[in-house]
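Undergrad: Below is the sequence, then the predicted model.
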Amino acid sequence: MKKLLFVMFTFFAVQAGIAQSVLPNGDFENWTQVGVAPAQIWQLDGGFWGTLNELVLLPPPSGPATVFRTDTCYSGQYAARMTSNLMVYLPYDIFLPGLLGTAQLDMIHGTIHLGKPCPACKPERLKGFYKFKPMNGDSCTALLVVSKWNTTDNKRDTIGYVRGNFKNAVDTYTAFDLPVVYRNNVLVPDTITILLVSSGGFSVTNLMGGVGQVGSTMWADAVTVDYAAGIQQIAGRDVAVNTFPNPSSNLITVELGEKLNQGIMEVYDVNARLMATFNLPEMKNSIRVGSFANGIYFYKILDGKYFLNSGSFTVKK
């Protein structure tokens, strides 16, 4: 279980947006609820934003949900609410921040993949609207990093960075506007990372090393990034996955955001045992799960050897 909470930076490949780029589902309008009560979680659609919510689907000791859909919003119908909490794990509890961002929890390998591909993108500002209810002097954070993998040193080089820490209680939606500072104007970025976190003492390399206060709550809505005038960025290969019905007793439809050359779905049980491998030749594919026992299953979507996305579904007969 401890291994599950160590963060590993694994980044994929994204192209680049207009002067003000609306991030995919950055208005937090489109959500899906997965799992079966009481183990149900909210997930943002589209594959760009991730959370730690899938810890709820683990067998005991499972984690608490820390990100929620809310109708207390700045605009539209919904916004995101992040609330810090504890994961009960003897001999001590593990503090979990409410974390929303370009983060993909990999339940199978016990890691979190941070970042989305963004070749040559150089955003100038991270903007949005937030509210905050701190507990015992806690702070919340909005963070953006652009980076490039260094093949010589086998590490990731930070090119541009901004982190806003907000300590005061904010009862009404208030704008934040954070300028990105570039440390290196020679290197060309390949990855962007955006995080919104309800406790500013989190660690991006080891969640177990983070600190904060249970109950600290951050609301966020209408998050965008700004680029220099005339620069256009478009979303690159960020393959969304939708599985339905969920739960299912026999057939599940796996709907992909794009057709893959060598699409594969690997299905694992809660003990990380590989249960089945399915080919995904089309954008909409049907897989049979009727032979699986009732329970929660996790999956990985690959294109050949390249990891694209992951998620979960429930079998209930």
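TA: In hand now; what should we look at?

Undergrad: Val186 looks like it's in a helix, true?
TA: No: read with DSSP: H, G, I helix; E, B strand; the rest coil, Val186 is coil and lies in no helix.

Undergrad: Count the residues that sit near it.
TA: Burial of Val186 is recorded as 5 neighbouring residues (other Cβ atoms under 10 Å). The way it works is simple: take the backbone N, C-alpha and C, and place the C-beta from them, glycine included.

Undergrad: Also the one 10 residues further on?
TA: Look at Leu196: counted by other Cβ under 10 Å, it has 24 neighbours.

Undergrad: can you check Leu274 too?
TA: Counted with other Cβ under 10 Å, Leu274 comes out at 11.

Undergrad: And for Ile41?
TA: 20.

Undergrad: where in this structure is pLDDT low?
TA: 1-22, 90, 107-110, 119-120, 204-208, 229-238, 272, 305-307 (pLDDT under 70).

Undergrad: Tell me which residue is most central in it.
TA: Centroid-nearest residue in the chain: Gly50, 1.6 Å away (criterion: Cα atoms, centre = their mean).

Undergrad: hang on, isn't it packed against Thr102?
TA: Yes: judged on Cβ atoms under 8 Å, Gly50 makes contact with Thr102 at a distance of 7.0 Å.

Undergrad: Okay, strands next: where are they in the stretch 151-300 of the chain?
TA: 155-166, 170-179, 181-182, 191-197, 217-226, 241-244, 251-256, 263-268, 274-279, 284-288, 295-303 (DSSP state E, counting those that start in this stretch).

Undergrad: The shortest one - contacts with which helices or strands?
TA: Meaning strand 181-182. Packed against strand 181-182 by the contact rule (3 or more Cβ pairs under 8 Å, 6 or more residues apart in numbering; DSSP states H and E) you find strand 155-166.

Undergrad: And the strand it packs on, what does it pack against?
TA: Against strand 155-166 (3+ Cβ pairs under 8 Å, 6+ apart) you get strand 125-133, strand 140-150, strand 170-179, strand 181-182.

Undergrad: Would you mind splitting the protein into its domains for me?
TA: Here the domain parsing of the chain from automatic domain parsing is 2-226, 241-315.

Undergrad: quick revisit: would you format the helices and strands packed on strand 155-166 as a markdown table with mean neighbour count and distance to Glu255 included?
TA: Listed next are these as a markdown table, based on neighbours: other Cβ atoms under 10 Å; distance: least, Cβ to Cβ, whole Å:
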| stretch | mean neighbour count | distance to Glu255 |
| --- | --- | --- |
| strand 125-133 | 21 | 29 |
| strand 140-150 | 21 | 30 |
| strand 170-179 | 13 | 33 |
| strand 181-182 | 12 | 39 |
